[in-house]
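*Asks:* sequence first, predicted coordinates after that:
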Amino acid sequence: MRILLLCHGFNSLTQRLHAELAAKGHQLSVEFDIADAVAEEAVALFCPDLVIAPFLKRAIPESIWSRQVCLVVHPGIVGDRGPSALDWAIQQGLATWGVTVLQAEAEMDAGPVWASASFPLRAAKKSSIYRNEVTEAAVRAVLQAVDRFAGGDFQPERVPGQAHALMRQSDRAIDWAQSDSASALARLNAADGFPGVADSLFGEPCHLFDAWPETNLKGTPGSLLGRRETAILRATADGAVWIGHVRRNGGVKLPATLAFPEAAALPELPLADCWKAASPTWQDIAYEEAGGVGFLSFDFYNGAMSTGQCRRLTEAFRWATQRPTRVIVLRGGSDFWSNGIHLNTIEAAESPADESWANINAIDDLAEAVLRCETQLTVAAVGANAGAGGCFLARAADFVWVRDGVVLNPHYKNMGNLYGSEFWTYLLPPRVGEDGARAIMRHRLPMPAAEAVRLGFYDACLPAPGFAVDAARRAAELAAANDFPECLAAKRVKRAADEAQKPLADYRTAELQEMRRNFYGFDPSYHVARYHFVARSPHSWTPRHLARHRDLDWKIPA
Ligand code: COA
């Protein structure tokens, strides 16, 4: 079928559905919901059999849904209607939740139901639930709805519904003196990603994001107890909660201590055992060891890696290489493996060009430390989505195992034609060929995990359920293998041969020369694209690589 994805933006769920539907052989095109007339034009040009709206902020115009079946993905259970669906479910601490695919009609979310899927609701950030449980359920429900539509004899049924209101900041407010940690966390989780909880810190209004639990520390309810790296600890009635990110009014979302330099006066509350994984608390870099394998997790918010985070992670990695282990597994974070350099901290810097330069050098140092590691075999266990430099940082490891369902964006051009670094010119062509590398960079499309392995970019795609356990087992097998010494020796020989042919420093210098032009050159595209990305500016057009119906050679199908 020809399927038009009508969406507010090409977000992770839309990308995943695009990949899943394309893998089923459907012909896809994308149009951003910019104006009714633009959506109408897209339908007229593409003549879709079906319109799917995975992520919309406005209703589909009647001129479209009255003539054409339009399926809307609603992040709520059957019968749930209205905005803030996921927010209410998380804040109320419901045990299960779901996704419903319904047909667009005049009343929002009230149309006949084509399919649905449910899931146990974790106590976690809304952004995390959306990128994991909601996405998996939406894929199941959309694929079922598409099959039913294609079958031609399915009769979707209307169900009685319950509409709820938009969740307002007054519904989200936290009374820190009275609230216990669990309900403060539920409120912060329900608002995570967007819009955050409106509050104030150091007497200044701001929105709070990225909450982490704290098990041991307490203090006067409502007071700020201290800081750790970039997070701030605030006392509740029965304990305390860490705030990782903050957006000051009129500013961008930033690590809390960066948004509020006043936090420097708070006492530093270091972890007792540096990198070693501790009981629930704020810990962005955590190390564990089992069976000759070291596991290094880096749970950086939104997968963005600032200069400081890259330097700390490089230090942690170097420390891990000194441990008596045979394999190091780079686990990334729970929601993203890595999305490359931190565009928000760059945007907020006094000189974004200088900060871009510092950040790309810091992430290159990390990639180089992984590439030059001679004491262990390294594995990137990519259990969550990765984008741009993050995809190549993973490839710096000897093995890359990726979870089925992960969506990768191994290209840079979407960010104002950025050339990219992280040794991609060394890492990509030998695996996918010169033409393959050019195609990946040029097409700028998301790449599903299985395709990354099919192309030879990554090494194995492991089933989604039990990915972490499976990856740990495989790593333990690598460490216990009889031929481990030979494998390590072969790795050293290969690195030395590659170095003799062309030193890593040459790849790095050539990539950074291009990046210098992106950062300091006369073409401001990168700075403009970064500003709009960070400011979450609404789209004013759909890029041609997504809107296939706007290709110059596109013809209305006969
Ligand atoms: N720096 C800072 N923030 C980043 C980021 C980065 N490199 N990558 C993603 N984010 C943030 C987004 O701003 C968004 O923030 P929010 O909390 O305000 O919603 C959040 O992460 C999720 O991003 P979103 O784009 O909504 O997620 P997605 O899963 O739909 O898309 C990507 C994933 C990777 C395609 C997209 O985020 C992207 O293009 N990121 C930029 C990658 C990049 O160019 N890095 C620099 C070059 S190395």
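*Replies:* Noted; the coordinates are in hand.

*Asks:* make it CA atoms for all contacts and neighbour counts henceforth
*Replies:* OK.

*Asks:* give me the low-pLDDT residue ranges for this structure?
*Replies:* 557-558 (pLDDT under 70).

*Asks:* what parts of it come near the ligand?
*Replies:* Neighbours of the ligand within the chain, by C-alpha under 6 Å from any ligand atom: 11-12, 193, 302, 304, 339-344, 387-389, 409, 412, 415, 534.

*Asks:* what about stretch 425-432, how long is it end to end?
*Replies:* With C-alpha to C-alpha, to the nearest Å applied, stretch 425-432 spans 11 Å between its terminal residues.

*Asks:* quick one: residues in contact with that stretch.
*Replies:* Residues outside stretch 425-432 that contact it (C-alpha atoms under 8 Å, 6 or more residues apart in numbering): 392, 395, 396, 436, 437, 455, 456, 457, 504, 507, 511.

*Asks:* among the residues of the chain next to the ligand, which are in helices?
*Replies:* 12, 343, 344, 389, 534 (DSSP state H).

*Asks:* and the residues you listed, which two are furthest apart?
*Replies:* Spanning the widest gap among those are 12 and 344, at 18.9 Å by C-alpha to C-alpha.

*Asks:* nearest to residue 261 among the contacts of stretch 425-432?
*Replies:* residue 392 (32.8 Å).

*Asks:* what number of residues lie near the closest one?
*Replies:* 27 (other C-alpha atoms under 10 Å).

*Asks:* contact partners of the helix or strand containing it?
*Replies:* Assigned by DSSP states H and E, residue 392 belongs to helix 389-395. With contacts defined as C-alpha under 8 Å, 6+ apart, helix 389-395 is touched by 337-341, 367, 380, 382, 400, 408-412, 420-424, 427-428, 457-458.

*Asks:* so after that helix, what's the next helix or strand?
*Replies:* strand 399-403.

*Asks:* walk me through which strands that following strand pairs with, and which way each runs.
*Replies:* According to DSSP bridges, strand 399-403 forms sheet pairs with strand 377-382 (parallel), strand 460-462 (parallel).

*Asks:* neighbouring contacts of it?
*Replies:* For strand 399-403, the surrounding residues in contact (C-alpha under 8 Å, 6+ apart) are 378-384, 394, 449, 458-464, 467, 471.

*Asks:* list the contacts of residue 22.
*Replies:* residue 28.

*Asks:* distance of it from residue 331?
*Replies:* Counting by C-alpha to C-alpha - residue 22 and residue 331 are separated by 29 Å.

*Asks:* on that earlier part again, ok, of the ones in helices among the residues of the chain next to the ligand, which one's closest to residue 280?
*Replies:* So of those, ranked by how close each gets to residue 280 (C-alpha to C-alpha), first place is residue 344, at 26.6 Å.

*Asks:* now that closest one. Nearest residue, chain neighbours left out?
*Replies:* Nearest residue to residue 344, sequence neighbours excluded (C-alpha to C-alpha, 6 or more residues apart in numbering): residue 534, at 6.0 Å.

*Asks:* isn't the one you found up against residue 251?
*Replies:* No: Residue 534 lies out of contact with residue 251 (C-alpha atoms under 8 Å); the separation is 10.0 Å.

*Asks:* neighbour count for those two, which is higher?
*Replies:* Taking other C-alpha under 10 Å, residue 534 and residue 251 do not tie; residue 534 has more neighbours (18 against 14).

*Asks:* mean neighbour count, the strands paired with strand 399-403: which tops it?
*Replies:* Using mean count of other C-alpha atoms under 10 Å, the stretch among the strands paired with strand 399-403 with the largest mean neighbour count is strand 377-382, at a mean of 27.

*Asks:* what about residue 502, how many residues nearby?
*Replies:* Residue 502: 12 surrounding residues under other C-alpha under 10 Å.

*Asks:* mind listing what's buried in the longest helix along the chain?
*Replies:* Looking only at the chain and at elements set by DSSP H, the helix with the highest residue count is helix 352-371. Of all the residues in helix 352-371, those buried under the rule 16 or more other C-alpha atoms under 10 Å are 352-353, 355-371.

*Asks:* relative to strand 377-382, how tilted is that helix?
*Replies:* Using axes from the mean of the first three to the mean of the last three C-alpha atoms, to 10 degrees, the direction of helix 352-371 lies 130 degrees away from that of strand 377-382.

*Asks:* ranges for the strands of the stretch 151-300 of the chain?
*Replies:* For the stretch 151-300 of the chain, the strands defined by DSSP state E, counting those that start in this stretch occupy 162-163, 197-201, 204-213, 224-228, 231-235, 240-248, 253-255, 285-290, 293-298.

*Asks:* so which bits of the third one are buried?
*Replies:* Pointing back at strand 204-213 there. Applying 16+ other C-alpha under 10 Å to strand 204-213 flags 206, 207, 208, 209, 210, 211, 212, 213 as buried.

*Asks:* contacts only, for the residue in the stretch 1-150 of the chain positioned nearest to the ligand.
*Replies:* Per C-alpha to the nearest ligand atom, residue 11 is where the stretch 1-150 of the chain lies closest to the ligand, at 3.2 Å. Applying C-alpha under 8 Å, 6+ apart to residue 11 gives the contacts residue 55.

*Asks:* what do you get for residue 512?
*Replies:* Counting by C-alpha under 8 Å, 6+ apart, residue 512 makes contact with residue 421.

*Asks:* next: residue 190.
*Replies:* Residue 190 neighbours (C-alpha under 8 Å, 6+ apart): 86, 87, 88, 90, 91, 125, 126.

*Asks:* report the two of the residues you listed separated the most.
*Replies:* 88 and 125 (12.5 Å).

*Asks:* those two: which has the busier surroundings?
*Replies:* Legend: neighbour count by other C-alpha under 10 Å for residue 88 and residue 125, higher for residue 125 (25 against 21).

*Asks:* got a list of contacts for stretch 308-324?
*Replies:* 275, 285, 292, 294, 296, 298, 328, 359, 362-363, 365-366, 369-370, 373, 375-376.

*Asks:* mind redoing it with 6 Å?
*Replies:* Outside stretch 308-324, the residues that touch it by C-alpha atoms under 6 Å, 6 or more residues apart in numbering are 362, 363, 366.

*Asks:* run the chain-centre distance for it.
*Replies:* Centroid displacement of stretch 308-324 relative to its chain, using C-alpha atoms, centre = their mean, to the nearest Å, is 23 Å.

*Asks:* buried set for that stretch?
*Replies:* 309, 310, 311, 313, 314, 316, 317, 320, 321.

*Asks:* in three-state terms, label the third one for me.
*Replies:* Read that as residue 311. helix (DSSP: H, G, I helix; E, B strand; the rest coil).

*Asks:* if I look at it, how far off is the ligand?
*Replies:* Distance, residue 311 to the ligand, by C-alpha to the nearest ligand atom, to the nearest Å: 16 Å.

*Asks:* filter the contacts of helix 389-395 down to the ones in strands?
*Replies:* Counting by DSSP state E, the members of the contacts of helix 389-395 that fall within strands are 337, 338, 380, 382, 400, 408, 409.

*Asks:* so which residue is dead centre in the chain?
*Replies:* For the chain, the residue sitting closest to the mean C-alpha position, by C-alpha atoms, centre = their mean, is residue 336 at 4.3 Å.

*Asks:* was I right about that residue contacting residue 301?
*Replies:* No: counting by C-alpha atoms under 6 Å, residue 336 does not reach residue 301; the two are 8.2 Å apart.

*Asks:* show me the domain layout of this protein.
*Replies:* Following the assignment in automatic domain parsing, the chain carries domains at 2-160, 175-265, 285-466+475-523.

*Asks:* between those, which gets nearest to residue 539?
*Replies:* Nearest of those (C-alpha to C-alpha): domain 2-160, 6.9 Å.

*Asks:* starting at the chain centroid, how far to that closest one?
*Replies:* Relative to its chain's centre, domain 2-160 lies at 20 Å (C-alpha atoms, centre = their mean).

*Asks:* how far away is residue 249 from residue 346?
*Replies:* Separation of residue 249 from residue 346 (C-alpha to C-alpha): 18 Å.

*Asks:* between those two, who's got more neighbours?
*Replies:* A direct count of neighbours by other C-alpha under 10 Å for residue 249 and residue 346 places residue 346 higher, at 24 against 12.
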